[in-house]
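Asks: I need the structure of the sequence given here:
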Amino acid sequence: MRNELSPSPFRRTQTSTSSQRVLRRRNFRTKFAILALGFCSMGFTPLFAEKPESAFDVFRNVQPNDDAAVANASRAARELSKRSDLKTIEVLQAMRGSSLIGKNWLSGIANATQRKNPASKVELEAFLKDTTQDPEARYTVFRWLTEGDADSRNRWLDSMLSDPSLELRYEAVAKALEPKELPVDQLKNLLDVARQPEQVVELIARLDKLGVKVNQSEHFGFLSSWKFIGPFDNTGSKSYDKAYPVEADWVSNKLADSYQGRPGEVKWIAEKSEDAEGAVDLAKLYNNEKGCIVYGVTEIEVPSNVKCELRVGCINAQKVWVNGELVIGNEVYHTGMQVDQYIAPIELKAGTNRILIKVCQNEQKEAWAQRYIFQARICDSTGKAIAYKVKP
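Replies: Prediction:
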């Protein structure tokens, strides 16, 4: 199992800033809007002649690697763009529950429809207030309503500090952070609602200057206490899918004190990361070993069952299991690392939960290929750390 997951909107190194992300997204949506308008001049045989609802269904499960579904979605987009009875609000509503690529298509159609047959301000405001609608659709409407109107923008943002749309919440927190000096209580409140890592780091720094200490790693929910064993052989990068005995023993909860590694007998090493972003430097721990694999294990306790997310950043190939289930796997080396690079929904059970990570290093000798590092955290779907205890 290998997850081809898109990086989250949260930034670390080698990623774009939030403003650049928004700009790229706007440009992307503009291209879709132009594409949708271009469809109007193209001839085709209608697939969905009666109601637009049947066309919207096409966008729910379409994926980039499904050529037939993409072709069908393309035809649906052409038909929707030609309809004179299409309403902006119904296109925006269709974004809820659609796939990522489906949302992009619908976003472009919504922009095109809004220019041809605009929804009223009352309709748009009602849609923006409805927090059950798709977050990206609501952010689109926010831009429509506030473009060139600073007063309107500020009024909306004042009520959006806890908005389920992370883009709207980001904008609201950014506005609240504009004053260079804010009281401690206000900074604490903002820290509680902020989710974008850069904003969180800024808030922690501001609080620190006022004498309030916040453990950044704990605030994000980074897993910092691990036990590692290795190195095992990965010569030629051929052992990503090789299951060393550690894997089976971990599943059966019968880990041995030592295993046969590449240099001979290897034993577990306890390591606690002191890094503010929970990063564990395996190159330092294993003397910059190349062409190898290291396993790490940790156990956490939660008071009750909880649906949450495991979020991993890693510059090396990796696999991660939670309670025996493989939830993340990416055979990728040295393409960059960022907070929340790979995200997997998980469900922790009341009591002890066991996590195993397999981190693979290749044999590249370039200076930029020497990093052997990862970070992992557990949080809710908005990025807020969940409460857990590390089992001794």
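Asks: Strands of the stretch 201-350 of the chain, start to end?
Replies: Using DSSP state E, counting those that start in this stretch, the strands found in the stretch 201-350 of the chain span residues 225-233, 258-261, 264-267, 269-272, 280-281, 292-302, 306-314, 317-322, 325-330, 342-348.
Asks: Those: which one's closest to Val62?
Replies: When the strands of the stretch 201-350 of the chain are compared by Cβ to Cβ, strand 342-348 sits nearest Val62, at 20.7 Å. C-beta coordinates here come from the backbone N, C-alpha and C atoms, glycine included.
Asks: same question for the closest one, mean pLDDT?
Replies: Averaging pLDDT along strand 342-348 gives 97.
Asks: Going forward, count from 15.
Replies: All set: I'll call the first residue 15, so the last point we hit is now strand 356-362.
Asks: Redo the strands of the stretch 215-364 of the chain as a markdown table? Include distance to Gly350 and mean neighbour count.
Replies: Formatted as a markdown table, the strands of the stretch 215-364 of the chain follow (distance: least, Cβ to Cβ, whole Å; neighbours: other Cβ atoms under 10 Å):
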| stretch | distance to Gly350 | mean neighbour count |
| --- | --- | --- |
| strand 239-247 | 23 | 20 |
| strand 272-275 | 29 | 15 |
| strand 278-281 | 29 | 12 |
| strand 283-286 | 24 | 12 |
| strand 294-295 | 17 | 20 |
| strand 306-316 | 20 | 21 |
| strand 320-328 | 9 | 21 |
| strand 331-336 | 13 | 22 |
| strand 339-344 | 12 | 19 |
| strand 356-362 | 12 | 18 |
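Asks: could you redo these as a markdown table and give each row distance to Pro78?
Replies: As requested, these are exported to a markdown table (distance: least, Cβ to Cβ, whole Å):
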| stretch | distance to Pro78 |
| --- | --- |
| strand 239-247 | 35 |
| strand 272-275 | 40 |
| strand 278-281 | 41 |
| strand 283-286 | 39 |
| strand 294-295 | 33 |
| strand 306-316 | 31 |
| strand 320-328 | 23 |
| strand 331-336 | 23 |
| strand 339-344 | 17 |
| strand 356-362 | 18 |
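Asks: Quick one, which of the ones you listed gets closest to Val187.
Replies: Closest of the strands of the stretch 215-364 of the chain to Val187 is strand 320-328, at 19.7 Å (criterion: Cβ to Cβ).
Asks: Give the partner strands of that closest one in its sheet and their orientations.
Replies: Sheet pairing for strand 320-328, assigned by DSSP bridges, gives strand 356-362 (antiparallel), strand 387-393 (antiparallel).
Asks: These: which one's closest to Thr312?
Replies: Nearest to Thr312 among the strands paired with strand 320-328 is strand 387-393; the distance by Cβ to Cβ comes to 8.6 Å.
Asks: distance of Tyr258 from Glu137?
Replies: 59 Å (Cβ to Cβ, to the nearest Å).
Asks: same check, this time on Ile115
Replies: For Ile115, the distance to Glu137 (Cβ to Cβ) stands at 26 Å.
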